[in-house]
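Enquirer: show me how the following folds:
(chains A and B)
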Number of protein chains: 2
Amino acid sequence: MRKVAVIGVGQSKFGELWDYSFRDIVLSAGIEAIEDAGLEGREIEAMYIGNMSGGRFLAQEHIAALIADYSGLAELHIPSTRVEGADASGGLALRQAYLAVASGLHDIVIAAGAEKVTDVGEKAVEILSSGLDREWEVFNGVTLASLFAIIARLHMDKYGTRAEDLAMISVKNHKNAVRNPKAQFKREISIDVALSSPYVAEPLRVFDCAPVSDGAAVIVLASEEVARKYTDTPIYISASAQATDYIALSSRRDFTTMDAVVFAAREAYKKAGIEPKDIDVAEVHDSFTIAELLAYEDLGFVEKGKGAELIREGVTELDGELPVNPSGGLKACGHAAGATGIRQAVEITLQLRGEAKGRQVDAETGLTMNIGGTGATAVVTIFRR
Amino acid sequence: MRKVAVIGVGQSKFGELWDYSFRDIVLSAGIEAIEDAGLEGREIEAMYIGNMSGGRFLAQEHIAALIADYSGLAELHIPSTRVEGADASGGLALRQAYLAVASGLHDIVIAAGAEKVTDVGEKAVEILSSGLDREWEVFNGVTLASLFAIIARLHMDKYGTRAEDLAMISVKNHKNAVRNPKAQFKREISIDVALSSPYVAEPLRVFDCAPVSDGAAVIVLASEEVARKYTDTPIYISASAQATDYIALSSRRDFTTMDAVVFAAREAYKKAGIEPKDIDVAEVHDSFTIAELLAYEDLGFVEKGKGAELIREGVTELDGELPVNPSGGLKACGHAAGATGIRQAVEITLQLRGEAKGRQVDAETGLTMNIGGTGATAVVTIFRR
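Expert: Have a look, this model is predicted:
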């Protein structure tokens, strides 16, 4: 396998983008990425697109052909492939694009993630739950929030995690998002505000839940040799790993451990030849605050059950030892389903390049972790300068 | 890139499978493929699943995790990835699985395609049209059949193709399906029956249109070295190629040529080091009879405009020089959207192994061609004994 580098990144604004169509947000991210790389369209050899539910959000499948066409690339007839794994779709697209370059098949490949969620109004919650088990979970009235509430309650009972710990994760991520011009919520919140917000599914409150967002993110990958022609600051992907778990939470070994994350992380560290302590910055899948706390544990940043210590001690704050979600995360930068895995990679690239401006951290090695649903799919990617 | 072989194939029955759930049909095909390969589940290293619209047909996304789970593989935590390109989804899954083995990443990989279409009743036609351009085609009332009717009418006007030529393709495919135990329509039709059936979209009649089907197909791929341990009759994939075109028919250079098919075929022949005349048997995407006729031309079996000659002269009949759709094709074996690309590969494998029983043809080299919508995505795969 060849070395693969990120040579361009772009992202749309994240949020309720009423004035922009799906095509608009994809193009805005794509143009930014291509300009960032200094590429011309005809140099692109293949595209992988992460999208969770174009069918239900837009009545549009065949999203990869649509995007190739609206990007002006149809006449090149290059392969363009959509991959889907609920809200891990972006991570899957990144991985397939990485493999296409690493294998020597292509030299320059686009990985994109995009979702237009808000046009369907309140149906969004039901559609986003189609990443769960329809027959054994959703049919019985279960939603994403209610499953993560079960996980949170069990973690509290078993390990003494408190509602305050979860609220502090939300407060941190809102604080970070203020410094991210692309973020949906650029407003700090206090822990009192978080803890007095209404319950969505007890013990999870409004401020424990990532919003429903529109957004797109695009990343350009190239082989090491080709990358040098385009950039003086290539960011290398030193490992990509993917794992699967039982789709229904009720089937899993331990409700408070995401085995797919544990497996993918273990493989990624092994491939990169590093240990969890070598990670300097991470973007993790905080669809709910409890998911970020589990990530601390399942990625090996801290022992199982002790996730709360990292937020209590400020380790994962922007100025901490291991900043997590400097972008604001899914909670405050926004969660546009299929876009999220790519948006995380954009943030880590900016951080490792030293281009994250007001939210810059000191980092040589970064990690992204993206899951689908309650963790039936997990993708872990490690980047280094 | 390493050599890749097919070591196992399986398929469910195709048709209106009211008594079987999505999970049932996937499992029936999967078990058949794994038994055919003589594999144990724990030997599988990754899965790629082609599915067009689980979101709209089943309210279920995250299909790849669901299938890994219901196949009893969740505890292995192997990567399982859904790919989508409308009714080319199966072809895309085959290609990604092929690349995963060819690149040396994995030794044994599953490619599956599955769709449960009929449960949504008459909504199926609208959902299947979500492979077209929603904003510029479907919104205006266009369906798949009406676009293929335009293509057929233009081909007739430009090249003198007749309704009888199209009907003969349908008659041939029905005749072949009688010999295929997994086919949806095991009944011969006469040309008079075809030509007196009601119009769906003039000049296309009921018998010019593939049915709406449920079905699944699974194929096991392995590296050459590993393949030898499992089978004495490995079927090699000598080329896989994918191309994209404008999603809306109205944007294309020539309505009667599928440029994505032309490009993918050209690349596939080049990679395999062969010419169109070297193909002994083909399974092509006859979602409408005119699509099979275009395939004759765009795959280079005959000069542009002369597709009708091949059916008039019996070249593509089961006992002809180049049998096309010995399985009965989409028209008579059935068209289960995301399953089709894999089902085609299953048929070519059986033919090249000499296991196609009553419909066996004499062949060393075979080809599958799978498109999405009206051809915005095309996948061409070449197989040899």
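Enquirer: now for the closest residue to chain B within chain A, how many residues are close by?
Expert: Nearest residue of chain A to chain B, counting by Cβ to the nearest Cβ: A:Ser103, 3.4 Å away. Bear in mind the C-beta positions are built from the backbone N, C-alpha and C, glycine included. Using other Cβ atoms under 10 Å in any protein chain shown, A:Ser103 has 18 neighbouring residues.
Enquirer: hang on, it packs against B:Gly104?
Expert: Yes: assessed by Cβ atoms under 8 Å, A:Ser103 is found in contact with B:Gly104 at 7.5 Å.
Enquirer: what comes into contact with the strand or helix carrying A:Ile49?
Expert: Following DSSP states H and E, one finds A:Ile49 within strand A:46-50. Identification of contacts with strand A:46-50 by Cβ atoms under 8 Å, 6 or more residues apart in numbering or on different chains yields A:63-64, A:67-68, A:73, A:78-84, A:89-94, A:96-97, A:100, A:105-106, A:109-114, A:338-339, A:341-342.
Enquirer: before we move on, what about stretch A:159-167?
Expert: Stretch A:159-167 is contacted from outside by A:152, A:155-156, A:191, A:194-195, A:203-205, A:207-208, A:256, A:289-290, A:293, A:305-308, A:311-312, using Cβ under 8 Å, 6+ apart.
Enquirer: sorry, back to before: which members of the contacts of strand A:46-50 occur in strands, if any?
Expert: Members of these lying in strands (criterion: DSSP state E): A:80-84, A:109-114.
Enquirer: which of those residues are close to chain B?
Expert: Restricting the ones in strands among the contacts of strand A:46-50 to those near chain B by Cβ under 8 Å from any Cβ of the partner chain leaves A:80-84.
Enquirer: most widely separated two among the residues you listed?
Expert: For these, the farthest-apart pair by Cβ to Cβ is A:Ser80 and A:Glu84; their separation is 14.2 Å.
Enquirer: between those two, point out the one with more neighbours.
Expert: Each of A:Ser80 and A:Glu84 has its neighbours counted (other Cβ under 10 Å); A:Glu84 has more, 35 against 31.
Enquirer: touching, the more buried one and B:Glu61? I think so.
Expert: Yes: counting by Cβ under 8 Å, A:Glu84 touches B:Glu61, with 6.2 Å between them.
Enquirer: list the neighbours of the helix or strand of chain A with the lowest mean pLDDT that are in contact with it.
Expert: Every helix and strand of chain A was ranked by mean pLDDT, DSSP states H and E. The lowest is helix A:124-128, at a mean of 94. Outside helix A:124-128, the residues within contact range by Cβ under 8 Å, 6+ apart are A:52-53, A:56-57, A:87, A:117-118, A:120, A:138, A:143-144, A:212, A:337, B:55.
Enquirer: just the ones of these in helices?
Expert: Taking DSSP state H as the definition of helices, the contacts of helix A:124-128 contribute A:56-57, A:144, B:55.
Enquirer: coming back round to it: which residues do A:Ser103 and B:Gly104 both contact?
Expert: Common neighbours of A:Ser103 and B:Gly104 are listed as A:Met1 (criterion: Cβ under 8 Å, 6+ apart).
Enquirer: of all the residues in the stretch 251-385 of chain A, which ones are close to chain B?
Expert: So the stretch 251-385 of chain A meets chain B at A:251, A:259-260, A:263, A:372-373, A:376-377 (Cβ under 8 Å from any Cβ).
Enquirer: got those residues as a markdown table, with pLDDT and secondary structure columns?
Expert: Below are these laid out as a markdown table (pLDDT from 0 to 100; DSSP: H, G, I helix; E, B strand; the rest coil):
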| residue | pLDDT | secondary structure |
| --- | --- | --- |
| A:Ser251 | 97 | helix |
| A:Asp259 | 98 | helix |
| A:Ala260 | 98 | helix |
| A:Phe263 | 98 | helix |
| A:Gly372 | 98 | strand |
| A:Gly373 | 98 | coil |
| A:Ala376 | 98 | coil |
| A:Thr377 | 98 | strand |
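Enquirer: how close does the residue of chain A positioned farthest from its centre get to A:Ala65?
Expert: Farthest-out residue of chain A from its mean C-alpha position, per Cα atoms, centre = their mean: A:Glu75, at 31.2 Å. From A:Glu75 across to A:Ala65, the span is 13 Å (Cβ to Cβ, to the nearest Å).
Enquirer: what do you get for A:Gly366?
Expert: Distance, A:Gly366 to A:Ala65, by Cβ to Cβ: 32 Å.
Enquirer: okay then, goodbye and thanks.
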